[in-house]
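**Student:** Let me see the structure of the following:
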Amino acid sequence: MDQLQIEGLLKDLNTRTTRIEQKLPTLATTTDVREEAERTRQHVDKEAERTRQHFDVVAEDMKDSIKVIADGHKALGDRIANLGRDIRSVLDNHERRITTLEANTPKRR
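**Tutor:** You can find the predicted model right below:
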């Protein structure tokens, strides 16, 4: 290698080193990365807590809604059972009346 090639390589090396030195201050240090990781972890923890609180509110609201539906279902079932008893009573009464009428009616041939 001659002197001119060596000088060219040194100049290229110097140019590359200068570019690296210019970028170095913009790169994150280990401390920067740790601090950012801690901030991120704190943010995630805070959001997780907010999500849990929101879910608790939603779950409580759902429990209340389900209770209202269950109470309504039970009330409707009770009403249907009462109507069934009333209908059965009316039908039994009609059956007795028809049986009495049939017993008192002369049979035709």
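
**Student:** Number of residues surrounding Leu76?
**Tutor:** 10 (other C-beta atoms under 10 Å). Bear in mind the C-beta positions are built from the backbone N, C-alpha and C, glycine included.

**Student:** meant to ask about Gly72
**Tutor:** Residues within reach of Gly72, counting by other C-beta under 10 Å, total 10.

**Student:** residues touching it, list them.
**Tutor:** By C-beta atoms under 8 Å, 6 or more residues apart in numbering, no residues touch Gly72.

**Student:** pLDDT on the helix or strand containing it, on average?
**Tutor:** Element membership for Gly72 (DSSP states H and E) is helix 30-104. Taken as a whole, helix 30-104 has a mean pLDDT of 96.

**Student:** Buried ones in stretch 94-109, by neighbour count?
**Tutor:** Neighbour counts over stretch 94-109 (16 or more other C-beta atoms under 10 Å) mark no residue as buried.

**Student:** And the contacts of it?
**Tutor:** Here stretch 94-109 has no contacts from other residues, using C-beta under 8 Å, 6+ apart.

**Student:** Quick check: Thr105 vs Ile98, distance?
**Tutor:** Using C-beta to C-beta, to the nearest Å, Thr105 is found at 10 Å from Ile98.

**Student:** With Arg52 instead?
**Tutor:** 67 Å.

**Student:** What of Glu47?
**Tutor:** From Glu47 to Ile98 the distance is 74 Å (C-beta to C-beta).

**Student:** Dead centre of the protein: give me the residue that sits there.
**Tutor:** Phe55 (7.6 Å; C-alpha atoms, centre = their mean).
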